[in-house]
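Participant: below: sequence and its predicted model.
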Amino acid sequence: MGRRALVLAAVAGLLGTALVLSLVDQRLRAGEDRALEACGDRAYAAAVRADSVLGSMAEYVRPSIAERSGLWVLMSEAAERARPPIDAALAVCEDVQVRAVHRTHVRERAAYVDYLTARRDRLDAIVADGRASAESDPALARLREAAFGDRP
């Protein structure tokens with residue numbers, strides 16, 4: 001076997017290996033896509049539920065009235081009801097395994113986990129003291145934007 005044939009065989013072997021690795025990576029990426037989509041859908045549904053529960057209670061409990069009447073406890077209770085879906089979504093997203101070489105997936109997973117962690121912490125603060133619901137949280141808003149983009 002001549003040198004030229006040896007070089008061609010080596011190149012063909014490398015191309016074959018690259019093709020196989022590419023196909024394997026596509027399958028791995030597709031699995032990550034499905035897991036991240038499920039994580040994102042669950043995270044978004046939990047966020048919408050928390051918004052709905054707290055928003056409807058906030059419509060009922062106005063800060064000036066709540067301060068005088070002690071209705072802040074209603075906001076605490078609403079936050080407590082909103083917490084389980086956030087916890088469940090966070091557990092799902094934390095369990096999603098992505099490969100470090102898939103940087104987009106790594107960032108996407110991190111955005112969901114960061115948002116859900118911050119949302120959980122915010123709900124904990126409201127559970128502890130309903131008055132916390134009257135405070136704005138720009139950092140949480142930024143994390144929500146990073147996680148869900150322009151979703152309503």
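Facilitator: Structure's in. What do you need?
Participant: so where's the protein shaky on pLDDT?
Facilitator: 1, 11, 18, 20, 23-25, 60-68 (pLDDT under 70).
Participant: spatially central residue for it, please.
Facilitator: Centroid check for the chain by Cα atoms, centre = their mean gives residue 112 as the closest residue, at 1.6 Å.
Participant: next up, the contacts around that residue.
Facilitator: Shown in contact with residue 112 (Cβ atoms under 8 Å, 6 or more residues apart in numbering): 36, 39-40, 43, 89, 93, 147. Bear in mind the C-beta positions are built from the backbone N, C-alpha and C, glycine included.
Participant: return the distance of it relative to residue 148.
Facilitator: 9 Å (Cβ to Cβ, to the nearest Å).
Participant: picking that back up, farthest pair in the contacts of residue 112?
Facilitator: 36 and 89 (12.5 Å; Cβ to Cβ).
Participant: compare these two (neighbour count), which wins?
Facilitator: residue 89 (28 against 20; other Cβ atoms under 10 Å).
Participant: nice, that's everything, thank you.
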